[in-house]
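Trainee: Take this sequence and fold it.
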Amino acid sequence: MPTAIDVELELFGKRLRRFRKRSFLNQHELAQAADLTRQTVLRLEAGSHRPHVDTVRRLAAAMSITPGQLVPNVDKVWPDRRR
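Mentor: Numbers count the residues shown, from 1 in each chain. Here you go, the predicted structure:
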């Protein structure tokens, strides 16, 4: 049975892919714009990798969106994150 974090990571991946496509970027272009590897973008979209807060910020900036659009339920993805 998937955990809440698993579900949130899958949803994050779907949101990332949707915003990337809306930005007319392929994975390689997004990775370059966010100073990441294409493999990292691939893993994030697949929901198999938990993104670091800084990674979310860089991805959002590369697509001209807010980090909150990618991670609306931040407490479920980073339960130990202090506000």
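Trainee: what's the closest non-adjacent residue to residue 62?
Mentor: Nearest non-adjacent residue to residue 62, counting by CB to CB, 6 or more residues apart in numbering: residue 33, 3.7 Å away. Just so you know, the C-beta spots here come from the backbone N, C-alpha and C atoms, and that holds for glycine as well.
Trainee: In contact with the one you found, which residues?
Mentor: Residues counted as contacts of residue 33 (CB atoms under 8 Å, 6 or more residues apart in numbering) are 25, 62-63.
Trainee: I'd like those as JSON lines, with neighbour count, pLDDT and secondary structure appended.
Mentor: As requested, the contacts of residue 33 are arranged in JSON lines below (neighbours: other CB atoms under 10 Å; pLDDT from 0 to 100; DSSP: H, G, I helix; E, B strand; the rest coil):
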{"residue": "25", "neighbour count": "18", "pLDDT": "98", "secondary structure": "coil"}
{"residue": "62", "neighbour count": "21", "pLDDT": "98", "secondary structure": "helix"}
{"residue": "63", "neighbour count": "20", "pLDDT": "98", "secondary structure": "coil"}
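Trainee: which among these gets closest to residue 13?
Mentor: Proximity to residue 13 was ranked across the contacts of residue 33 by CB to CB; first place goes to residue 63, at 14.4 Å.
Trainee: My read is that the closest one contacts residue 25, right?
Mentor: Yes: counting by CB atoms under 8 Å, residue 63 touches residue 25, with 7.1 Å between them.
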